[in-house]
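Visitor: Structure of the sequence below:
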Amino acid sequence: MRVLLSTYGSRGDVEPMLALAVRLRALGADARLCAPPDFAGLAVGLGVSFVPVGRPVRPMVTGTTPPSAKGLPERAAEWVSAQFETVIAAAEGCDVVVGGGMMPVAERSAAERLGVRHVYVTFQQITLPSPFRAPLARAGRAFPPEVTDNRALWELDAKDIGELFGPTLNDHRASLGMSIVDDVRDHVYTDTPWLATDPTLDPWRETSDVDVVQTGAWILDDDPPLPSELEEFLDAGAPPVYVGFGSMAAHAPGLRSPEDVARAVIEAIRARGRRVVVGRGWADLALIDDEPDCFAVGEVNQQALFRRTAAVVHHGGAGTTMTATRSGAPQVVVPQAVDQPYWAGRVAELGIGVAHDGSVPTAESLSAALETALTPATRERATTVAAAIRADGATVAANLLLDRSA
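Guide: Numbering: from 1, shown residues only. So this is what the prediction gives:
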């Protein structure tokens, strides 16, 4: 059996697909990953066949000028065309096409053209229609303030998606002799979307709107050792507080001055008598001095590192939140955009950390948040929740694909 896994986005959109690819291979299937060029090395290092799609993500995210809402329709059209040009060819010879990440518009058409199964997966539930919450407003396309009913807002969400992606999608489908799609969002999401999140961290409330299959999170159990210099730092004193903002760029709302952010965070952690590990990330955070109580790291095994920290301060990306929760480390989430306020709320609701008030961290606000995060009660609760987190999501998903495609 051969499976095409297709996604576009940051590491949080790619790493779960790699976890599924590795698990499928262990079960005797062949998995091919279609993802942004940025992640070719990560895929090849895991022995996963890789097909690049679209532009590299990091230069777009970290550019000095963030993408504007004004050019969104043109970028959407370019993105759909890039998908059709790459995904259709990459799907040849596959038995299943799994699409996720940023609006995987072409994947269902590729599966339909080949007469094979298609699965849509999301790594955060807030993209799925639900009467229990409103959809996220898209950049430059705010919802009318007078519309407050959730179902009405989801109808507007479907309309927005159709206007953005529908014309180019239907142009490509017509060129392939395929029928026109009226509701792009429901076409992409299907009637039975998969939700690859942990039911403890991210419980799905059943609704008649969609029939969700929650598999559990797809965790990549790649376990490279920590750098020897980092090991030495960790061994030299009490567990430090980690701070990092992952793939958030320096022009994210709260990170427009990485130097100020680094200073605020380090001062807040020092004020609590703790050492610091700074994750540079795409915002390129750096140390503010050469004092021995701070250490900076680039790409690192967060699963191993977070287990050795006193707390984790982060942006609230789905992958980082899951890793921190699974490690049992108390968290301070400083959400910047998209789904991150949702994850910050879940951390606070579970009692495993603190949702920072707003996207702009200061030494005072972070010190106050850490006061709660570093209490024995928060650590105890984080340990309890960590024990409930499932690690078999990728196995569940792989078996579903294999069984239903037999």
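Visitor: for the residue nearest to Arg274 when sequence neighbours are not counted, phi and psi?
Guide: Leaving aside its sequence neighbours, Arg274 sits nearest to Val241 (C-beta to C-beta, 6 or more residues apart in numbering; 4.8 Å). Just so you know, the C-beta spots here come from the backbone N, C-alpha and C atoms, and that holds for glycine as well. Backbone torsions of Val241, given as degrees, to the nearest 10, read phi -100, psi 130.
Visitor: Wait, Val241 touches Arg308, no?
Guide: No - assessed by C-beta atoms under 8 Å, Val241 is found out of contact with Arg308, at 11.2 Å.
Visitor: And the strands in the stretch 251-400 of the chain?
Guide: Using DSSP state E, counting those that start in this stretch, the strands found in the stretch 251-400 of the chain span residues 276-279, 294-297, 311-314, 331-333, 353-355.
Visitor: Out of those strands, which is closest to Asp149?
Guide: strand 353-355 (26.2 Å; C-beta to C-beta).
Visitor: what pLDDT, on average, does that closest one get?
Guide: When pLDDT is averaged along strand 353-355, the result is 98.
Visitor: So what are the sheet partners of it and their directions?
Guide: With DSSP bridges as the test, strand 353-355 is paired with strand 331-333 (parallel).
Visitor: ok, Glu267 - contacts?
Guide: 363, 367 (C-beta atoms under 8 Å, 6 or more residues apart in numbering).
Visitor: Check the spacing between it and Pro330 real quick.
Guide: 19 Å (C-beta to C-beta, to the nearest Å).
Visitor: Please parse this structure into its domains.
Guide: For the chain, automatic domain parsing gives the domain ranges 2-220+391-404, 228-388.
Visitor: re the thing from before, so for Val241 and Arg308, which sits in the more crowded spot?
Guide: Neighbour totals were compared for Val241 and Arg308, and Val241 leads with 27 against 17 (other C-beta atoms under 10 Å).
Visitor: ok, now how distant is the more buried one from Ala329?
Guide: Counting by C-beta to C-beta, the gap from Val241 to Ala329 is 9 Å.
Visitor: so what's in contact with those two at the same time?
Guide: Joint contacts of Val241 and Ala329 (C-beta under 8 Å, 6+ apart) are 309-312.
Visitor: nearest to Thr215, of those?
Guide: For the shared contacts of Val241 and Ala329, the nearest to Thr215 is Val312 (24.8 Å; C-beta to C-beta).
Visitor: Return the residue of the chain that is most distant from the centre.
Guide: Gly177 (34.5 Å; C-alpha atoms, centre = their mean).
Visitor: Over to it. Which of the three states is it?
Guide: coil (DSSP: H, G, I helix; E, B strand; the rest coil).
Visitor: same deal with Ser130?
Guide: Under three-state DSSP, Ser130 comes out as coil.
Visitor: ok, how many other residues are close to it?
Guide: By the criterion of other C-beta under 10 Å, Ser130 has 20 neighbours.
Visitor: I'd like the strands of the stretch 251-400 of the chain as TSV, with mean neighbour count and distance to Gly54 appended.
Guide: Output for these, formatted as TSV (neighbours: other C-beta atoms under 10 Å; distance: least, C-beta to C-beta, whole Å):
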stretch	mean neighbour count	distance to Gly54
strand 276-279	23	26
strand 294-297	18	28
strand 311-314	30	26
strand 331-333	29	29
strand 353-355	25	33
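Visitor: rewinding a little: state the pLDDT value of the residue farthest from the centre of the chain.
Guide: Per-residue confidence for Gly177 comes out at a pLDDT of 96.
Visitor: Got the phi and psi for Ala137?
Guide: phi -70, psi 140.
Visitor: Now do the same contact list for the nearest residue to it once chain neighbours are set aside.
Guide: The shortest distance from Ala137 to any non-neighbouring residue, by C-beta to C-beta, 6+ apart, is to Phe143 (5.5 Å). For Phe143, the contact set (C-beta under 8 Å, 6+ apart) comprises 134, 137, 153, 156.
Visitor: Mind doing that once more with 10 Å?
Guide: 134-137, 152-153, 156-157, 160 (C-beta atoms under 10 Å, 6 or more residues apart in numbering).
Visitor: before we move on, what about Pro225?
Guide: 231, 301, 304.
Visitor: what about stretch 165-172, distance to the chain center?
Guide: 26 Å (C-alpha atoms, centre = their mean, to the nearest Å).
Visitor: quick check: mean pLDDT across that stretch?
Guide: 96.
Visitor: how about the CA coordinates for that stretch, as PDB?
Guide: What follows is stretch 165-172, C-alpha atoms only, in PDB (Å, rounded to 0.1, in the frame of the first residue of the first chain):
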ATOM      1  CA  PHE A 165     -10.000  29.300  -3.300                       C
ATOM      2  CA  GLY A 166     -13.000  28.400  -5.400                       C
ATOM      3  CA  PRO A 167     -12.200  30.100  -8.800                       C
ATOM      4  CA  THR A 168      -8.800  28.600  -9.100                       C
ATOM      5  CA  LEU A 169      -9.900  25.200  -7.700                       C
ATOM      6  CA  ASN A 170     -12.700  25.000 -10.300                       C
ATOM      7  CA  ASP A 171     -10.500  26.200 -13.100                       C
ATOM      8  CA  HIS A 172      -8.100  23.300 -12.500                       C
END
